[in-house]
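Asker: Let's see this in three dimensions:
(one chain, ligands or ions: 1)
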Amino acid sequence: MLALTAASAAPYVALTSVPDPMPLPDQALVRVRAFSLNRGEVTDLPKLPEGSMTGWDVAGVVERAAADGSGPSASTRVAGLAGTGAWAQLAAVPASRLAAIPDEVSDAQAATLPTAGMTALRSLEIAGLLLGKRMLVTGATGGVGRIAVQLGHASGALVTALVRDMAASAGRLRHL
Ligand SMILES: NC(=O)c1ccc[n+]([C@@H]2O[C@H](COP(=O)([O-])OP(=O)(O)OC[C@H]3O[C@@H](n4cnc5c(N)ncnc54)[C@H](OP(=O)(O)O)[C@@H]3O)[C@@H](O)[C@H]2O)c1
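Answerer: As a prediction, the model looks like this:
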């Protein structure tokens with residue numbers, strides 16, 4: 001299969017041919033349709049050994065369900081946290097870290113949710129009930145920040161978005 005693997009020179013990834021993954025019994029084999037680029041994994045690229053697989057978040061279709069019978073069945077459209085190896089045509093993903101994608105959500109949208117979405121969700125859960133509360137989101141144009149703004153608004157909070165560059169951020173925040 002093809003995969004984006006770590007390279008020693010900028011942009012620190014290269015499209016290479018690698019062996020297909022061999023899922024563990026509790027992992028499903030996912031045919032990847034979309035993946036996201038999180039800040040953490042992109043900034044880590046120069047530190048990775050050349051040729052190593054990377055990529056955290058994946059969306060696609062289950063090609064082969066986990067051998068232990070857990071998780072979604074074959075042909076289910078799913079998103080999840082691969083941990084590594086998501087930037088490839090096939091990814092072995094723990095079945096417990098996969099969720100079915102609702103019909104109205106695209107593959108590209110779903111691929112943004114595992115790392116950034118869960119980080120925003122967990123942060124808001126720590127804050128507890130948000131209804132009627134004031135909430136400040138720093139880095140509001142980022143992957144985590146944009147989802148935090150939407151979750152806060154949907155939870156009934158009065159959300160203030162803090163951005164670095166108002167002019168450059170206007171377009172990215174207009175749809176929120
Ligand atoms: N602990 C975890 O599990 C976990 C998981 C995910 C993320 N994180 C952390 O959460 C943070 C956000 O992650 P992300 O994926 O959302 O990153 P991101 O998409 O790159 O967003 C970063 C945000 O920070 C803003 N920013 C950058 N430099 C700034 C500065 N000097 N002053 C003010 N704002 C600045 C950016 O604004 P511009 O767009 O204007 O540059 C952007 O809105 C990162 O620190 C990341 O490491 C932690």
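
Asker: Okay, the residue of the chain found nearest the ligand and residue 161: tell me how far apart.
Answerer: Residue nearest to the ligand within the chain: residue 142 (2.0 Å; Cβ to the nearest ligand atom). For glycine as for every other residue, the C-beta is placed from the backbone atoms N, C-alpha and C. Counting by Cβ to Cβ, to the nearest Å, the gap from residue 142 to residue 161 is 11 Å.

Asker: And for residue 126?
Answerer: Counting by Cβ to Cβ, the gap from residue 126 to residue 161 is 19 Å.

Asker: Equivalent analysis for residue 8, please.
Answerer: Separation of residue 8 from residue 161 (Cβ to Cβ): 38 Å.

Asker: For the residue of the chain closest to the ligand, give me its contacts.
Answerer: 39, 116 (Cβ atoms under 8 Å, 6 or more residues apart in numbering).

Asker: please redo it, this time with the cut-off set to 10 Å
Answerer: Applying Cβ atoms under 10 Å, 6 or more residues apart in numbering, one finds that residue 142 lies in contact with 38-39, 116, 120, 148, 163-164, 172.

Asker: Same question for residue 103.
Answerer: Residue 103 sits next to residue 77 when contact means Cβ under 10 Å, 6+ apart.

Asker: Repeat that for residue 82.
Answerer: Each residue near residue 82 by Cβ under 10 Å, 6+ apart is listed here: 21, 27, 30, 32, 35, 53-58, 60, 88, 91-94, 97-98, 114.

Asker: follow-up on the earlier one: just want to know which of residue 8 and residue 161 has more residues nearby.
Answerer: Neighbours around residue 8 and residue 161, counted as other Cβ atoms under 10 Å, are more numerous at residue 161. The numbers are 20 against 11.

Asker: ok so, going back, for the contacts of residue 142, could you give me TSV that also reports secondary structure?
Answerer: Putting these into TSV (DSSP: H, G, I helix; E, B strand; the rest coil) gives the following:
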residue	secondary structure
38	coil
39	helix
116	helix
120	helix
148	helix
163	coil
164	coil
172	helix
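
Asker: And these, which of them are buried?
Answerer: The neighbour-count criterion (16 or more other Cβ atoms under 10 Å) marks 38, 116, 120, 148, 163 among these as buried.
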